[in-house]
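Q: predicted model and sequence follow; I will ask about them next.
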Amino acid sequence: MKKILIIGGEGQLGSTLTEQSDKIKWGEFSHTTVDTLDLMDSSAIRNYFKTKTFDFIINCTAYTAVDRAETDAVAAWRLNAEAPGELAAEAARMGAHFVHISTDYVFGGTHSRPLKPEDSKTPDSVYGKSKLQGEEDVLRQQPQSIIIRTSWLYSVYGKNFLKTMLQLGKERDSLNVVFDQVGTPTLADDLANTILSIIEKVIKGEKQFTPGVYHFSNEGVCSWYDFTKAIFHETGISCNVLPVESDQFPTAAPRPSFSVMDKSKIKQTFDIEIPHWQDSLRKCIKKLDDATTGEFPN
Ligand SMILES: NC(=O)C1=CN([C@@H]2O[C@H](COP(=O)(O)OP(=O)(O)OC[C@H]3O[C@@H](n4cnc5c(N)ncnc54)[C@H](OP(=O)(O)O)[C@@H]3O)[C@@H](O)[C@H]2O)C=CC1
Ligand SMILES: Cc1cn([C@H]2C[C@H](O)[C@@H](COP(=O)(O)OP(=O)(O)O[C@H]3O[C@@H](C)C(=O)[C@@H](O)[C@H]3O)O2)c(=O)[nH]c1=O
């Protein structure tokens with residue numbers, strides 16, 4: 001049985017992968033948390049892998065607090081740039097395939113058509129810069145790596161824009177939300193399903209583990225304003241949403257104005273079908289509702 005390790009099994013993507021892997025029979029899954037493998041410490045990484053080997057390692061960890069990273073750059077750089085390279089080196093040493101997750105924020109928003117993996121990268125934030133360095137280190141240390149850039153990730157787990165808006169929408173009568181940052185939300189369940197489907201196809205010999213950088217988000221395009229309107233429409237929250245430009249909603253870290261990604265490479269290489277973001281939003285809201293009525297997980 002192939003052994004698959006999820007690094008960061010209690011973040012939102014890691015939790016979703018763990019939830020899905022519990023139903024899988026074709027692989028033996030385990031995961032780490034910050035308590036069992038603290039990536040701030042290089043020697044902890046070396047020690048952890050001294051006695052353990054895996055066939056696939058999926059890295060779901062990151063420093064994801066985009067604004068805080070601006071003033072906590074050393075920690076963000078350690079988690080997003082250095083640690084992924086060290087994990088990839090361990091994967092290479094044991095001959096494991098490495099799957100790493102990156103972000104649309106490696107792009108600077110200068111493009112105006114869906115972004116291909118090889119398009120020029122000009123990240124504006126510490127988060128984006130550190131994630132880009134992490135991508136480069138991963139591919140240098142373990143050329144047999146798949147890097148999946150995703151965007152606007154949300155799920156029933158952890159902190160994310162959907163949960164922030166559900167909270168704010170209940171507390172406030174009106175909200176200002178930027179409409180000049182355009183991208184695509186991604187339901188973590190859809191990304192987790194894609195990662196597991198790629199690994200399953202490789203294990204079953206249906207696909208090669210073709211290394212490189214891929215893009216994955218849900219289908220469709222929207223602004224954060226459109227996303228918020230859809231969240232309130234689907235949940236019946238009556239909060240008024242006002243479209244504003246980014247300079248009317250100042251943040252410590254600049255975000256790309258356009259980060260819609262072209263997903264044709266992942267779809268063609270691994271025969272992946274991707275749901276539209278509005279359908280996935282409905283799916284997630286139902287899952288949240290089921291959680292509050294005690295029917296989740298099922
Ligand atoms: N969130 C988003 O909107 C987007 C995320 N991404 C990328 O997707 C991936 C998954 O993101 P997401 O699930 O949202 O991230 P989360 O912020 O939900 O989870 C972060 C994970 O990192 C782990 N972690 C933090 N510090 C340490 C540490 N010192 N040592 C070990 N582990 C640590 C956490 O562990 P623990 O839970 O044990 O503390 C947690 O598992 C990341 O690579 C991120 O950059 C890309 C685009 C959008
Ligand atoms: C809460 C809020 C945010 N905004 C704006 C701020 C920002 O420009 C945009 C997104 O909000 P957030 O700061 O919550 O999201 P942000 O942390 O920028 O989300 C990003 O996280 C990292 C980890 C990624 O990799 C990205 O793909 C992306 O998902 O919406 C409003 O306009 N009104 C609001 O009330």
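A: Thanks, I have the structure now. Numbering: from 1, shown residues only. Ligands and ions are numbered 1, 2, ... in the order given.

Q: how far away is Gln133 from ligand 2?
A: Gln133 is 15 Å from ligand 2, where distance means C-beta to the nearest ligand atom, to the nearest Å. In short, each C-beta sits where N, CA and C put it, glycine included.

Q: which residues does whichever residue of the chain sits closest to ligand 1 contact?
A: In the chain, the residue that lies nearest ligand 1 is Gly11 (2.3 Å; C-beta to the nearest ligand atom). By C-beta atoms under 8 Å, 6 or more residues apart in numbering, the contact list for Gly11 reads 60-62, 64, 157-158.

Q: ok, which of those residues also contact ligand 1?
A: Filtering the contacts of Gly11 for neighbours of ligand 1 using C-beta under 6 Å from any ligand atom leaves 60-62, 64, 158.

Q: want to throw these into TSV with secondary structure, neighbour count and pLDDT?
A: Formatted as TSV, those follow (DSSP: H, G, I helix; E, B strand; the rest coil; neighbours: other C-beta atoms under 10 Å; pLDDT from 0 to 100):
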residue	secondary structure	neighbour count	pLDDT
Cys60	coil	26	98
Thr61	coil	25	98
Ala62	coil	24	98
Thr64	coil	20	98
Gly158	coil	17	94
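
Q: returning to that earlier point: turn the contacts of Gly11 into a markdown table, including distance to Leu37.
A: As requested, these are exported to a markdown table (distance: C-beta to C-beta, whole Å):
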| residue | distance to Leu37 |
| --- | --- |
| Cys60 | 12 |
| Thr61 | 9 |
| Ala62 | 14 |
| Thr64 | 17 |
| Tyr157 | 19 |
| Gly158 | 18 |
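
Q: which of these sits closest to His97?
A: Cys60 (15.2 Å; C-beta to C-beta).

Q: please enumerate the strands of the protein.
A: With DSSP state E as the criterion, the chain has strands at 2-7, 27-31, 56-59, 97-103, 145-150, 153-154, 174-178, 182-183, 186-187, 212-215, 222-223, 240-244.

Q: turn the ones you listed into a markdown table, columns for mean pLDDT and distance to Val202.
A: Converted to a markdown table, the strands of the chain look like this (pLDDT from 0 to 100; distance: least, C-beta to C-beta, whole Å):
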| stretch | mean pLDDT | distance to Val202 |
| --- | --- | --- |
| strand 2-7 | 98 | 9 |
| strand 27-31 | 97 | 11 |
| strand 56-59 | 98 | 8 |
| strand 97-103 | 98 | 7 |
| strand 145-150 | 98 | 10 |
| strand 153-154 | 98 | 23 |
| strand 174-178 | 98 | 39 |
| strand 182-183 | 97 | 29 |
| strand 186-187 | 98 | 22 |
| strand 212-215 | 98 | 14 |
| strand 222-223 | 98 | 33 |
| strand 240-244 | 98 | 43 |
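
Q: reformat those strands as JSON lines; add mean neighbour count and distance to Ile266.
A: Formatted as JSON lines, these follow (neighbours: other C-beta atoms under 10 Å; distance: least, C-beta to C-beta, whole Å):
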{"stretch": "strand 2-7", "mean neighbour count": "23", "distance to Ile266": "19"}
{"stretch": "strand 27-31", "mean neighbour count": "17", "distance to Ile266": "20"}
{"stretch": "strand 56-59", "mean neighbour count": "26", "distance to Ile266": "15"}
{"stretch": "strand 97-103", "mean neighbour count": "26", "distance to Ile266": "12"}
{"stretch": "strand 145-150", "mean neighbour count": "25", "distance to Ile266": "7"}
{"stretch": "strand 153-154", "mean neighbour count": "24", "distance to Ile266": "15"}
{"stretch": "strand 174-178", "mean neighbour count": "16", "distance to Ile266": "28"}
{"stretch": "strand 182-183", "mean neighbour count": "22", "distance to Ile266": "17"}
{"stretch": "strand 186-187", "mean neighbour count": "25", "distance to Ile266": "12"}
{"stretch": "strand 212-215", "mean neighbour count": "21", "distance to Ile266": "4"}
{"stretch": "strand 222-223", "mean neighbour count": "19", "distance to Ile266": "20"}
{"stretch": "strand 240-244", "mean neighbour count": "15", "distance to Ile266": "31"}
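
Q: got the residues of this structure near ligand 2?
A: Residues of the chain that fall close to ligand 2, judged by C-beta under 6 Å from any ligand atom: 64, 66, 103-105, 151-153, 161, 164, 168, 175-178, 181, 224, 249, 251, 255.
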